[in-house]
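Trainee: Predicted structure and sequence below. I'll ask about it afterward.
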Amino acid sequence: MAELDLRFQILETASYDGLLLWKVRDYTRRKADALAGRTLSLYSQPFYTHRYGYKMCSRVYLNGDGMGKNSHMSLFFVIMKGEFDNLLPWPFRQKVTMQLLDQDSGQTNLTDSFQPDPTSSSFKKPSSDMNVASGCPLFVAHTVLESPKYIKDDTLILKITVDLFNLQHP
């Protein structure tokens, strides 16, 4: 029953327009877990470019990864193995924009974008559940992130947008 409930929650929150709005709740506890080495990263629910499109998710390291460890929140984009991968063009080439939303005024969202490197294994057709994540180890410094502007009610909101321009549908 718990597995069915989880599958239903994932289906209920899935988006099919290349947009992920991810609320990371319990920031204080989750960052403490990261500092203690219990849970280094969190994965978002999957989202898609369209109903039969690319399956993707986001991965966040609240206490940083690589160059960002202990000083930054690191944010990554992940291509996942999808049901219709055989019908899609590879490598994945759509522009990806990652944002930390300003929950105060909405005026100062922190944004980083990238165009996928077609030679990177991160954007090839997945042969396992997930490809290697690609993104920003230095996405935002803890000193900037940990303000009422970005964390409200112990929650931060991340937005991942995949540009659907020139995207081929099966």
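Mentor: Arrived safely.

Trainee: all strands for this protein, in order.
Mentor: Listed in chain order, the strands of the chain (DSSP state E) span 19-24, 42-43, 47-48, 55-61, 72-80, 96-100, 110-114, 134-141, 156-162.

Trainee: partner strands of the third one, parallel or antiparallel?
Mentor: In the sheet containing strand 47-48, its partner strands are strand 55-61 (antiparallel), by DSSP bridges.

Trainee: Tell me how far the nearest residue to P148 once chain neighbours are set aside lies from S44.
Mentor: Nearest-residue entry for P148: D104, 6.3 Å, with adjacent residues in sequence omitted and distances by C-beta to C-beta, 6 or more residues apart in numbering. Where you see a C-beta, it was placed from the backbone N, CA and C, and this is true even at glycine. With distances defined as C-beta to C-beta, to the nearest Å, the gap from D104 to S44 amounts to 23 Å.

Trainee: List the residues that contact the residue nearest to P148.
Mentor: Counting by C-beta atoms under 8 Å, 6 or more residues apart in numbering, D104 touches 148-149, 152.

Trainee: Lowest-confidence entry in those?
Mentor: Confidence by pLDDT is poorest for P148 among those, given 92.

Trainee: Can you give me the neighbour number for it?
Mentor: 8 (other C-beta atoms under 10 Å).

Trainee: Where do the helices of this structure begin and end?
Mentor: Assigned by DSSP state H, the chain shows helices spanning 2-13, 27-35, 142-145.

Trainee: excluding its backbone neighbours, what's nearest the most centrally placed residue in the chain?
Mentor: Geometric centre of the chain, nearest residue: S58, 1.8 Å, by C-alpha atoms, centre = their mean. Spatial nearest neighbour of S58, excluding adjacent residues (C-beta to C-beta, 6+ apart): S44 at 4.2 Å.

Trainee: Low-confidence ranges, this protein, go.
Mentor: Within the chain, the segments meeting pLDDT under 70 span 1-13, 170.
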